[in-house]
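Trainee: sequence and predicted structure are below.
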Amino acid sequence: MKRSHAPAGADKGSALVSSSMKAVISMSVLPELLSANEHYASAFNKGDLPVPPRRQVAILTCMDARLNPAKFLGLEEGDAHVIRNAGGRTDDDAMRSLIISQQLLGTKEVVVIHHTGCGMLSFTNDEMHGLLAERFGEQPDSIDFLPFSDLVQSVRDDVATIRNSSFIPNDIPVSGLIYDVHTGKLEAVD
Ligand code: ZN
């Protein structure tokens, strides 16, 4: 029997769904995500965790889909704040999150993790602005996409930004690491 990749249950109530809606649903990954969540929730027993992270640490890392910080750092629900963006950079929003993490939720350590093969190594601000101008007819000149050409230096820069912030206490340890997407290993950056 030929099976589509849609999970069981994706066709539930199909009589009520128009054919154009079905086309949209079949293109979306959402039914698969919801199906996975049903499985997760069916065995869920961590509904009473406190809000402050148990291990009092905040991780700043890249959104890259190959990185699974919970797995490669051995984190469970409730253990740590994991702040992710393109590159794992210290933009205003990452700093906002780190300050909230420390001042309101008790984290006492920061770990910055960039990684080999990061997409942020593959473009410049000028190229990104040019691409957007071509596709949307306008340039977001005010946006620095924070690409980098030197991986080690990018970690040093973000660690320094955190250490030098007026709103990060001096006694907070801030470490920099690089994750290797081919081996799954972490290496410290001095
Ligand atoms: Zn990346």
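Mentor: Yep, it's here. Residues are numbered from 1 along each chain as shown.
Trainee: low-confidence ranges in this structure?
Mentor: By pLDDT under 70, the low-scoring segments of the chain are 1-26.
Trainee: what domains does the record give for it?
Mentor: Following automatic domain parsing, the chain resolves into domains at 14-44, 57-189.
Trainee: which one of those lies nearest to the ion?
Mentor: Checking these against the ion by Cβ to the ion gives domain 57-189 as the closest, at 3.2 Å. Where C-beta positions appear, they are placed from N, C-alpha and C, glycine not excepted.
Trainee: now do the same end-to-end measure for the closest one.
Mentor: Domain 57-189 has an end-to-end distance of 18 Å (Cα to Cα, to the nearest Å).
Trainee: and among the domains of the chain, the most buried is which?
Mentor: The highest average neighbour count among the domains of the chain, using mean count of other Cβ atoms under 10 Å, belongs to domain 57-189 at a mean of 16.
Trainee: now do that one: distance to the chain's middle.
Mentor: Relative to its parent chain, domain 57-189 has a centroid offset of 8 Å by Cα atoms, centre = their mean, to the nearest Å.
Trainee: is it possible to export the domains of the chain to a markdown table including distance to the ion?
Mentor: Formatted as a markdown table, these follow (distance: least, Cβ to the ion, whole Å):
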| stretch | distance to the ion |
| --- | --- |
| domain 14-44 | 21 |
| domain 57-189 | 3 |
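Trainee: helices and strands around the helix or strand where residue 71 lies, which ones?
Mentor: Taking DSSP states H and E as the criterion, residue 71 maps to helix 69-72. Packing partners of helix 69-72 (3 or more Cβ pairs under 8 Å, 6 or more residues apart in numbering; DSSP states H and E): strand 80-85.
Trainee: partner strands of the strand it packs on and their direction?
Mentor: The pairing partners recorded for strand 80-85 under DSSP bridges are strand 57-62 (parallel).
Trainee: who touches the strand it pairs with?
Mentor: With Cβ atoms under 8 Å, 6 or more residues apart in numbering as the contact definition, strand 57-62 has outside contacts at 67, 69, 73, 79-88, 90, 94, 97-98, 101-102, 107-115, 118, 120, 158, 162, 179.
Trainee: give me that answer again for 6 Å
Mentor: Residues outside strand 57-62 that contact it (Cβ atoms under 6 Å, 6 or more residues apart in numbering): 69, 80-84, 87-88, 94, 98, 101, 107, 109-113, 115, 118.
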